[in-house]
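Fold the stuff below for me.
(chains A and B, ligands or ions: 2)
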Amino acid sequence: MQLDAKVPEGPVEEKWDNHRFNLKLVNPNNKRRFSILVVGTGLAGASAAASLGELGYDVTVLTYHDSPRRAHSIAAQGGINAAKNYRNDGDSIYRLFHDTVKGGDYRSREANVYRLAQVSNAIIDQATAQGVPFAREYGGLLDNRSFGGAQVSRTFYARGQTGQQLLLGAYQAMMRQVHAGTVSLHNRIEVLDVVIHDGRARGVIARDLLTGEILRYSAHAVVLATGGYSNAFFLSTNAKMCNATAIWRAHRKGALMANPCFTQIHPTCLPQSDETQSKLTLMSESLRNDGRVWVPQSHDEDRHPDDIPESERDYYLERMYPAFGNLVPRDIASRAAKRMIDENRGVGPLKNGVYLDFADAIARLGTDRVAERYGNLFDIYQRITGEDPYKVPMRIYPAPHYTMGGLWVDYNLETTIPSLYAIGEANFSDHGANRLGASALMQGLADGYFVLPYTIGDGLAPRLGEQPLPTDHEAFEEAAAQVRGRIEGLLAVNGSRTVDWFHRQLGRILWDHCGMSRNQPGLEKAITEIKALREEFYTDVNVTGQNEDYNQALEKAGRVQDFFELGELMCRDALYREESCGGHFREEHQTDDGEALRDDDRFAHVAAWGWNGHGEEPSLTVEPLQFEHVTIATRSYK
Amino acid sequence: MDLTLRIWRQPHHDAPGDFVRYQVTDVPREASFLEMLDLLNEQLMARNEEPVVFESDCREGICGTCGVMIDGRPHGPWQNTATCQLHMRAYRDGDEITVEPWRAAGFPVIKDLAVDRSAFDRIIEAGGYISTPTGAAPDANMIPVDKATADRAFEAAACIGCGACVAACPNGAAQLFAGAKVAQLNMLPQGQPERYQRATEVVDTMEAFFGSCTNHGECQAACPKDISVDVIAWLNRDYRKAKLSGARAS
Ligand SMILES: Cc1cc2nc3c(=O)[nH]c(=O)nc-3n(C[C@H](O)[C@H](O)[C@H](O)COP(=O)(O)OP(=O)(O)OC[C@H]3O[C@@H](n4cnc5c(N)ncnc54)[C@H](O)[C@@H]3O)c2cc1C
Ligand code: FES
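Ligands and ions are numbered 1, 2, ... in the order given. Down below sits the predicted model:
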C-alpha cells in the first residue's frame, strides 16, 4: 500500500490557503443532502458537529455518554495554546509551529503542524465569543501563562478548568444546532463497528447502552472523534469510560493505525495509593511553572520533607536542565522522575513519588496569589490524599495520559478508508512522538472548527445525488451480525474472573514493558504475555447479566477485548522502532548521560500498521517525513 | 475496613425498587467512595451476582457523571465534593452507609443508582448558549471584560451538571443549574444581545421538566462547585424583565 498524505504544494505558509482554494465546495443548498455521522462529543466532535451543522449538513451525533457535555475533554485542566503573541514576547505562528515540531521530536508532518499553528488564534477568538470565561488581567484583556516545552507565554486558561470551559462552549454551540434542527443527537449509544461497502465507509453499527438494541446508522461520511487509548494501561489519567473500540474496529476494517507506541506519560500525576485504585489523577502541568521538583539526595530517606535541609535536596530538573528547569517537556520530566525512583530516592509511604514543592512560590507570591492560580488543583490534591499542599510538598509521579498514535489520516483528516475521517486525539495527528502541554485542546478544536468543515466538503461534492446505503443492505446485515456474535461470545464464556481483573493484568504488562522505558526482551515478553492473557480472557472471563439491559460489565468486556489487540500492536510498534524519540524511549538507544537517541536515517517516518486478521502479523506501511523548514536537530533543553 | 451498605436496587424504570443490604470487606482507607463500590461489585460478581449499576467517568469531580444520595445527602458528607472525590477516610470500620439514586421527577431512575438527566440538555438546547457561528468571532481582545465580571462568570460557569441541586431541592427544582448558565452568559458583554430571550427560553423549558423554586437554598449547600444562589436572583431578574418587555420564546 502507498500512503498519500495529500500535502499541498507550495511554501508551508501558503499550503493551507492554497488548499482551501483548491478544495471542491458543496453549494449551500445542497449541503442538507449530505448526511454526516459524528461519533464523539469531546472538543473535536462537538466543535465539528456544531460547525458542520451551521454549514447546513445533515449531522447525526452519537456518544456513549449520558450527555455530550461529559466527554473526557471536560477534564483538561491547564490550558490551550495559541500564537496570539499578546505578551509581545516573541511568539508567532512560525514559533508555535517550530516548537511543536521540535517538541514532537521531529516525528510529525510539517504541513499539518503549520496549519495547526495558523488556525490556533481563531480558536481563542471563537471560544471567547461563545462566552468561555478565560482568565483575564485587571485591564480586562486575556491572561496567558507558560507551559512545558515553550519559552514564551502562549497558554490561555480558565483557572484549572480550561477543558471544561472550552468543551461547554463547543457543547453549547452544538446544542444550538440541535435546537436549529441541523444536528440530531443520540446519547448513550456506543459505536461498535464501521460499515464498509465498495471500499468506502457507509455508516456504523452501534448498541443502545440502556436496552442492548443493535442499531444501524447510514451516512455519506463518518467522523470518528472518539479520543485516545491511554486506558489500555488500565491506570491512566483518562476518564474511566475512554476506550479504543471505535478506532480499533475501524482499524480492523482497513484503516491504518499510525505510531501506536507513541504514548505520553505525564509527569505530574498523583502516585498510586493502593490496590483498588481505579484511575490516576493528573495535577496540571501548569503547576511546574511555580512548583519545584525535588527528591532527597540520599537513598531510602525516611525524614519528613520539612526536616530535609536544602543542602540535602536534589532539585534534579533544575540541575540537569538549567535552561528549562522544571519546565522541560513531559517525556523528559517523566523519565527523570522514573530515574529518581529507580535509584530508591522516591518519597511517600510507598516510595513511589517525587516532591513538587510550592514553598518558594508561596514565599515569593503569597498564599493568595498561589491559591488564585492553583487553588482548585490544591483542593483536589487535598481531597484525595488528605494532605495540604500549602504546607506539605505535593507528591507526584508520571502516569499514562495521552496517545499521540491513532488512526492514520491525510492532510484532509481522512483515514485510509475513504469517507472515514478521524479528528482530535483519535487520529495520529500533529504531535509526533511527544505532545506539548496545552496543544491537545488546540488540535481537537482546530480539527473540529477550522479544518474538517472545509476538507469534508471536498470528498462529498462529487457525490451529489448519491443516496446513503440502505440499512438493510447486506453490508449492514453482515456488520450487525458480527457485532451480535461478539456480544453473545462474551456473555457465553461464563468464566471465573471479572473484566477488570483482566484489564488490570493487561495494564500492568503494558506499563512494565511498553511504558516510560522499553527494551527488546521486555517487549517480546509483553507480546507473549498479552497473547496468553487474551486466550485466558476468552476462556475464563465472567460477564454477568444479559445483552438486553443496562449492562456495564458487558460494555467493559468489549472495550477490554479491543485493548488486548491494540496493546499487542503498541508493543510491536515499539519493538519495530529501534530508536528513542519523544515518549518512546528504547533503552538500547540512549546517550551516555541517558538522553534519548533518535535515528533519523532509519526512522524519520510514520509507521502505519494494517490489520491482517486475528493472530496474524500486521503489515507495515511507511510515510516518510520531510523537514524542509525546521532543521532536524538533537532536542536539547539543557 | 468492613462496611455494611444499604443500596437501592431497581431493575428498570418501571419496576419497583428496594434497599438491599450488602457487606463489603477489606476496603482500604485510601480508596475513594466509588472505588469502594467497584470493590463491592467485584465481590458481587465473584459470587455471580449482578453488580450494582452506578455511573461515573472522570472520577475527578469535573464531568458531573457521578452523583448518588449518601445517607440522605447528595454526594455524601463532604462539603463541595462530588461523590467521586469523597474518600473512605470519611468512614470507620463497621459503618453502615445508605446509597440511593437522585430522587426527582425530572430525573427518572434508569436502573439502580443511575438516573436520566437529559432534561438538563434540553435546557441548554433551549437557550444556554451565545449564538456565534464558527468563523464569525472578532479578535478575542476586542471584547475586554473587567476581571471581577470575568471571575464571577467563571464561578457560575463552574457548574458540572451533576444534578445534586435538583436532588437536594424539596421541590425538585433546577433553578441553580439554569441560573448558573444564564448568569454566566448574561453577565458577559458577549451575551447581551440574546440576554432576555435566553432567560425566557431557559426558564420556560426548565418549568416543563422541573418543580418550582421556593427559596429553600438546599441547592447551594449540595453543590459540589459551591455555586451561589445569587445566580437564581440573576435568572429571576432577567426573566421578569423579559416578561415585562414582552420578549417571548419564539
Ligand atoms: C486529566 C487530563 C488533563 C488534560 N489537560 C489538558 C490541557 O490542559 N491542555 C490540553 O491541550 N490537553 C489536555 N489534555 C488532553 C485533552 O484533554 C484530550 O486530548 C482531548 O480533550 C481529547 O479530545 P477529543 O475530542 O479528541 O476526545 P474526548 O474528549 O475523549 O471525547 C471522546 C468522545 O467520543 C465518544 N466516544 C468514544 N468512543 C465511542 C464509541 N465507540 N461510541 C460512541 N461514542 C464514543 C465519547 O462519548 C466522547 O464524547 C488533558 C487530558 C487529561 C486526561
Ligand atoms: S465521575 Fe466525573 S464528577 Fe464524579
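
need the residues of the stretch 151-300 of chain A near ligand 1, please.
Counting by Cβ under 6 Å from any ligand atom, the residues of the stretch 151-300 of chain A close to ligand 1 are A:162-163, A:190-191, A:225-228, A:237-238, A:242, A:245-246, A:282. (Glycine included, C-beta is placed from N, CA and C.)

how about a cut-off of 8 Å?
Within the stretch 151-300 of chain A, the positions near ligand 1 by Cβ under 8 Å from any ligand atom are A:157, A:162-163, A:167, A:189-192, A:206, A:224-228, A:230, A:236-239, A:241-243, A:245-246, A:249, A:266, A:281-282, A:284-286.

Please apply the same query to chain B.
B:Cys58, B:Glu60.

where exactly do the helices run in chain B?
Along chain B, counting by DSSP state H, helices occupy B:33-46, B:118-127, B:147-157, B:164-168, B:175-187, B:195-209, B:218-222, B:230-245.

An error on my part: the question was meant for the stretch 351-500 of chain A.
With helices called from DSSP state H, counting those that start in this stretch, the stretch 351-500 of chain A shows them at A:359-365, A:367-385, A:440-445, A:452-460, A:474-492, A:499-514.

Name the residues of the last one that are buried.
For helix A:499-514, a neighbour-count test (16 or more other Cβ atoms under 10 Å in any protein chain shown) marks A:499-511, A:513-514 as buried.

circling back to that earlier point, restrict the residues of the stretch 151-300 of chain A next to ligand 1 to contacts with ligand 2.
Of the residues in those, proximity to ligand 2 by Cβ under 8 Å from any ligand atom holds for A:Ala239.

For A:Pro468, find the nearest of the helices of chain B.
helix B:118-127 (25.6 Å; Cβ to Cβ).

Enumerate every residue touching the residue of chain B found nearest ligand 1.
Ligand 1 sits closest to B:Glu60 of chain B, with a gap of 6.8 Å, by Cβ to the nearest ligand atom. Residues in contact with B:Glu60 (Cβ atoms under 8 Å, 6 or more residues apart in numbering or on different chains) are A:Ala75, A:Thr281, A:Leu282, A:Ile380, B:Cys84, B:Gln85.

how's chain B carved up into domains?
Using automatic domain parsing, the domain parsing of chain B gives B:3-111, B:117-245.

Please identify which of the helices of chain B is closest to ligand 2.
Of all those, helix B:33-46 comes closest under Cβ to the nearest ligand atom, at 7.2 Å.

what is the orientation angle of the closest one with helix A:499-514?
110 degrees (axes from the mean of the first three to the mean of the last three Cα atoms, to 10 degrees).

residues of helix B:33-46 that come out buried?
B:Phe33, B:Leu34, B:Glu35, B:Met36, B:Leu37, B:Asp38, B:Leu39, B:Leu40, B:Asn41, B:Gln43, B:Leu44, B:Met45.

Equivalent analysis for stretch A:597-606, please.
Those buried within stretch A:597-606 under the rule 16+ other Cβ under 10 Å are A:Leu597, A:Arg598, A:Asp600, A:Phe603, A:Ala604, A:His605, A:Val606.
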